[in-house]
Structure formats: structure tokens, C-alpha cells
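Engineer: One predicted model, sequence on top.
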Amino acid sequence: MTAKNKTQTSAKPIQDATQDTAPLVEHLKELRTRLMIGIGAVFVGFLVCYGFKEALFVWLTAPLFENYGHQMVFTAPHELFFTYLKLCFLGGFFIGMPFLFDQIWRFVAPGLYAEEKKVVLPFLLATPILFYAGGLFSYFVIMPLAIEFFFGFANEAIMPLPSAREYLSFFIKLTFGFGLAFELPVLLLILAKVGLVNADRLVWFRRYSWLCILILSAVLTPPDPLSQVLLALPMVFLYEVSIFLIRRSEKKSEKKGEKKASKASSKSSK
């Protein structure tokens, strides 16, 4: 073998390796671009919220002021500034979440078949919608009830003097706790799609699931019985809705299977 042939044969593996790694590099570049766009959307939302930080904080504290009219305090020189930053980051996350999920879909969609897109897209749409629903449920329903419950312990000797930082931390815990809890149907439907659970198994496991929901409510919410019960009730409802949706999906799959079987039998008879 000549030196020229040796050079050509040794160059082939290098060329093949380069060709194999090229698509991976392109995918990583695209992933970085998509993530930067999504993070940029969150940052833009942060800037928008910072421009209205005082109005946003007034809206946030409406469940407290409308019922009790208390003034808030901050106990450290930097506390209010960092409270505003934390609040604006939370608002930016809520504003930028749809754009972030849109970029995830744009990255994933080209590699999926049409049938796979039909399966993935509803989950991708339902995830932020349910998270928003949980957050709004927390703000409009849970926060007023929780504040009324806690302030009911006040008396003439012990008056409430809420801190801006502590109030925001309480709000964030409730909002994210309920937002994540409302993702239960998405989680169960995904598990059903991959064959790990089915409607009958969820019905059989119902009593244990309710116990797990109570434990999870205790973890996700502030340590008071009212918040835990108020989180557990909608989660139980969502669990039952998940069973209904999974059973409906199973019936559709059975009908499709019967149609395919009938078509196959008709073709074989011909």
C-alpha cells in the first residue's frame, strides 16, 4: 500500500467522526440559542415588572390590605430592595414562561413524527396553563382565607406587624406549591401514556393517593392545617379528573385498535 493510500484510509475515520459530531454540535448550538431566547424573555419580563414594582407589590398585598389595612415594615436597610427584586423575578418568570415553553417546543418539534407531536403538544400547552391556574387559585382563594386564619390569633396584647420579606416568601410558597400541585393531571397522563399506570390501577390506589396528597400538601405549603387542606382538596379533584381523562384516552385507544383489527381482517379475507 502506498503512502497516499494510507493517508486516504486514515483520513476516512477522521472524516466520519467529524460528520457524526457535526449534528450534535448543531443541536447544542440550537439548544443554547433557544435557552438564551427563553431566559431573555424572563429577563424582559423582569424589567417590565421592575418598572411597576410598587404597583405590583400593592396588587400582591391586596388580600392583606383589603381586609385588615395593615402597614408593612422592613427590618433591614436592604430588605425592601431585595424583596422588590425577588418579586420582579417571580413576575418575569410568569411572563416569560410561555415563551420558554415555546422555545422548548421549537427545539423538540423538528425531531418528532406527526403522531408524536399530537401526543407531546397537549402536555406542553397544559403545563403552563395549569401552573397559572394553580397560582391564581392560590392568590384569589387561598391567600385571603390563610390571612384571615392567621390574623385570627391576634389580640390586644399581640398585634400583627407583617414584614414585606416574610409576606412575599409566604406568597411564593403558596403560589409555587399550588402551581406544582395543579400539574398532577399532566404527570398522571404522561405516566399513563408510557404504560406505568392506568385508570383501574389509579382507582384501586385512590385511598393511598389521597394520603400521599395530604403528605405532599404538608410539604408544599406553609406549616398550617388550613393551607394544607385547601391544597389537598383541589389535588383530590384533579386526581379524579385525571382518572376520567385516562379512562377516556384508553377507550379511544381501544377503538383505534378495533378499527385496525377489523381492517386487517377484512384485507386478509379478501
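Structural biologist: Alright, I've got the coordinates.
Engineer: What are the phi and psi values at residue 163?
Structural biologist: Torsion angles at residue 163 (phi, psi; degrees, to the nearest 10) stand at phi -90, psi 140.
Engineer: Quick check: bridge partners of it?
Structural biologist: When bridges are taken as DSSP bridges, the partners of residue 163 come out as residue 73.
Engineer: Can you give me the neighbour number for it?
Structural biologist: Around residue 163 sit 17 other residues, with neighbours defined as other Cβ atoms under 10 Å. (C-beta placed from N, C-alpha, C; glycine too.)
Engineer: What score does it have for pLDDT?
Structural biologist: Residue 163 carries a pLDDT value of 88.
Engineer: cool, residue 267 as well?
Structural biologist: On the pLDDT scale, residue 267 is placed at 65.
Engineer: Residue 84 now?
Structural biologist: On the pLDDT scale, residue 84 gets 93.
Engineer: so it makes contact with residue 50?
Structural biologist: Yes. Counting by Cβ atoms under 8 Å, residue 84 sits close enough to residue 50 to count as a contact (7.3 Å).
Engineer: Quick check: closest non-adjacent residue to residue 214.
Structural biologist: Counting by Cβ to Cβ, 6 or more residues apart in numbering, residue 214 lies nearest to residue 232, which is 5.3 Å off, once chain neighbours are set aside.
Engineer: any idea how far the strand or helix carrying the one you found is from the chain center?
Structural biologist: Secondary structure assignment for residue 232, by DSSP states H and E: helix 225-269. Averaging C-alpha positions (Cα atoms, centre = their mean, to the nearest Å) puts helix 225-269 21 Å from its chain's average.
Engineer: That helix packs against which elements?
Structural biologist: The elements that helix 225-269 packs onto, with contact taken as 3 or more Cβ pairs under 8 Å, 6 or more residues apart in numbering; DSSP states H and E, are helix 143-151, helix 164-181, helix 184-193, helix 199-204, helix 206-220.
Engineer: Tell me what angle it forms with helix 206-220.
Structural biologist: Counting by axes from the mean of the first three to the mean of the last three Cα atoms, to 10 degrees, helix 225-269 lies at 130 degrees to helix 206-220.
Engineer: Helix 225-269 versus helix 143-151: what angle between them?
Structural biologist: Inter-element angle recorded for helix 225-269 and helix 143-151: 150 degrees (by the same axes, to 10 degrees).
Engineer: Hey, what's the angle from helix 225-269 to helix 164-181? Just curious.
Structural biologist: 20 degrees.
Engineer: how far off helix 184-193 does helix 225-269 point, in degrees?
Structural biologist: Angle between the axes of helix 225-269 and helix 184-193 is 30 degrees (criterion: the same axes, to 10 degrees).
Engineer: Spatially nearest residue to residue 31 (excluding sequence neighbours)?
Structural biologist: Nearest residue to residue 31, sequence neighbours excluded (Cβ to Cβ, 6+ apart): residue 107, at 6.0 Å.
Engineer: From residue 153, how far off is the one you found?
Structural biologist: Here the distance between residue 107 and residue 153 works out to 50 Å (Cβ to Cβ, to the nearest Å).
Engineer: Which one's more surrounded, these two?
Structural biologist: Shown here are residue 107 and residue 153; by other Cβ under 10 Å, residue 107 has more neighbours (16 against 8).
Engineer: just checking, what packs against the helix or strand harbouring the more buried one?
Structural biologist: Of the helices and strands defined by DSSP H and E, residue 107 is found in helix 79-108. If you count contacts as 3+ Cβ pairs under 8 Å, 6+ apart, helix 79-108 packs onto helix 3-51, helix 53-60, helix 114-137, helix 164-181.
Engineer: Out of the ones you listed, which is closest to residue 194?
Structural biologist: The minimum distance between residue 194 and these falls on helix 114-137, with 10.5 Å, by Cβ to Cβ.
Engineer: how big is the angle separating that closest one from helix 225-269?
Structural biologist: Going by the same axes, to 10 degrees, helix 114-137 makes 160 degrees with helix 225-269.
Engineer: what inclination does helix 114-137 have with respect to helix 79-108?
Structural biologist: Regarding helix 114-137 and helix 79-108, their directions subtend 160 degrees when assessed with the same axes, to 10 degrees.
Engineer: could you say what helices and strands helix 114-137 packs with?
Structural biologist: Contacts of helix 114-137 with other secondary structure elements, assessed using 3+ Cβ pairs under 8 Å, 6+ apart, are made with helix 79-108, helix 164-181, helix 184-193.
Engineer: Appreciated, that's everything.
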